[in-house]
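A.B. asks: pasting a predicted model and its sequence here:
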Amino acid sequence: MIERLFPAEVSCAATRAETVPDGSLFPEEEALVAKAVPKRRNDFATARACARRAMAQLGLPPAPVLHGHRGRPLWPEGVVGSLTHCGGYRAAALARSTDVLSLGIDAEPHAPLPVDVRALVALPEERERIGPPEAEGTDAVHWDRVLFSAKESVFKVWYPVTRVELDFKEADLMFSQEQGEEGGRTRDGVAGGSFAARLLRTDPALPTALEGRWRIEDGVVATAVLVRPDWRTGRTG
């Protein structure tokens, strides 16, 4: 699913598996999760298995993926990328830094956000645009969850370049659904489209307007954002 959200130069790999075989981690990675609970270890290991597959598709040898502040993946020289995991879906997206300045992905269960989280994530104008929460178990697009995921992807683009925290309410997002699809509804559980993010915090290293894509499939919403090295020329996606 994540590969549908990026151009061809981005290498994507995903899995629905919850675990990977023992021995799939590098020793440096093993050290990071030696005392982790099983769920944390599984999330860590399956996402890195996806990363190794994406590396191979770029013609790169397998390498450990350690992490920095806020869990930011540390990639080999000349590579940018992003990881995500949620129940039933793990993915990695990688590209060469000559092609992409920064990218971010996120996956979430396609279900309504808890009310308290919705209040923390959405600006008043965003809440007006996306409307009230939809009931679970319908064919509705849960826009609050799409919004949450998209803001996570925006953060994953922003932080590696700026090294500055970006709050949920420092980005204002607008969504559109693909032409031909019923607005605000899924079709057989599938929907998708694009979004525009206006950053309310500025940094000279990144544009103040980002573009991304979203997709719902098999009970998961995935989002992606990409910024190219030549973004100042107007080429952002």
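C.D. replies: Here it is on my side, so go on.
A.B. asks: all strands of the protein, in order?
C.D. replies: Listed in chain order, the strands of the chain (DSSP state E) span 11-15, 66-67, 73-74, 79-86, 89-96, 102-109, 171-177, 191-199, 209-217, 220-227.
A.B. asks: quickly list what the residue sitting nearest the centre point of the chain is bridged to.
C.D. replies: Centroid-nearest residue in the chain: Ile105, 1.7 Å away (criterion: CA atoms, centre = their mean). On the basis of DSSP bridges, Ile105 is bridged to Ala224.
A.B. asks: ok, now Ala209?
C.D. replies: Ala209 has these beta-bridge partners by DSSP bridges: Arg198.
A.B. asks: would you state the helices of the chain in chain order?
C.D. replies: 27-32, 38-57, 115-121, 124-130, 143-162 (DSSP state H).
A.B. asks: CA atoms of the third one as CSV?
C.D. replies: In other words, helix 115-121. Extracted C-alpha coordinates of helix 115-121, given in CSV (Å, rounded to 0.1, in the frame of the first residue of the first chain):
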residue,chain,number,x,y,z
VAL,A,115,-11.9,12.2,21.7
ASP,A,116,-9.0,13.5,23.9
VAL,A,117,-6.5,12.8,21.1
ARG,A,118,-8.6,14.5,18.5
ALA,A,119,-8.7,17.6,20.7
LEU,A,120,-4.9,17.6,20.9
VAL,A,121,-4.3,17.0,17.2
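A.B. asks: quick one: contacts of it?
C.D. replies: Residues outside helix 115-121 that contact it (CB atoms under 8 Å, 6 or more residues apart in numbering): 113, 127, 133, 144, 147-148, 151, 168-169. Where C-beta positions appear, they are placed from N, C-alpha and C, glycine not excepted.
A.B. asks: go on, the first one?
C.D. replies: Around helix 27-32, the neighbours that count as contacts under CB under 8 Å, 6+ apart are 44-45, 48, 64-67.
A.B. asks: one step back: my guess is the residue nearest to the centre of the chain contacts Val221, does it?
C.D. replies: No: here Ile105 lies out of contact with Val221, judged by CB atoms under 8 Å, at a distance of 11.5 Å.
A.B. asks: residues that sit against both of the two, list them.
C.D. replies: Counting by CB under 8 Å, 6+ apart, nothing touches both Ile105 and Val221.
A.B. asks: re the thing from before, would you list the contacts of helix 115-121 in CSV and tack on distance to Leu206, pLDDT and neighbour count?
C.D. replies: Formatted as CSV, those follow (distance: CB to CB, whole Å; pLDDT from 0 to 100; neighbours: other CB atoms under 10 Å):
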residue, distance to Leu206, pLDDT, neighbour count
Leu113, 26, 95, 21
Arg127, 26, 95, 17
Pro133, 31, 89, 17
Asp144, 25, 97, 24
Leu147, 20, 98, 27
Phe148, 21, 98, 21
Lys151, 15, 98, 28
Phe168, 17, 96, 17
Lys169, 18, 96, 15
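A.B. asks: which of those sit farthest apart?
C.D. replies: Within those, Pro133 and Lys169 form the most distant pair, 18.4 Å apart (CB to CB).
A.B. asks: circling back to that earlier point, single out the most deeply packed of the strands of the chain.
C.D. replies: strand 220-227 (a mean of 27; mean count of other CB atoms under 10 Å).
A.B. asks: any chance of the strands of the chain in a markdown table with mean pLDDT and distance to Gly59 as columns?
C.D. replies: Formatted as a markdown table, the strands of the chain follow (pLDDT from 0 to 100; distance: least, CB to CB, whole Å):
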| stretch | mean pLDDT | distance to Gly59 |
| --- | --- | --- |
| strand 11-15 | 97 | 9 |
| strand 66-67 | 94 | 22 |
| strand 73-74 | 96 | 19 |
| strand 79-86 | 97 | 11 |
| strand 89-96 | 97 | 10 |
| strand 102-109 | 98 | 18 |
| strand 171-177 | 96 | 34 |
| strand 191-199 | 97 | 29 |
| strand 209-217 | 97 | 25 |
| strand 220-227 | 98 | 20 |
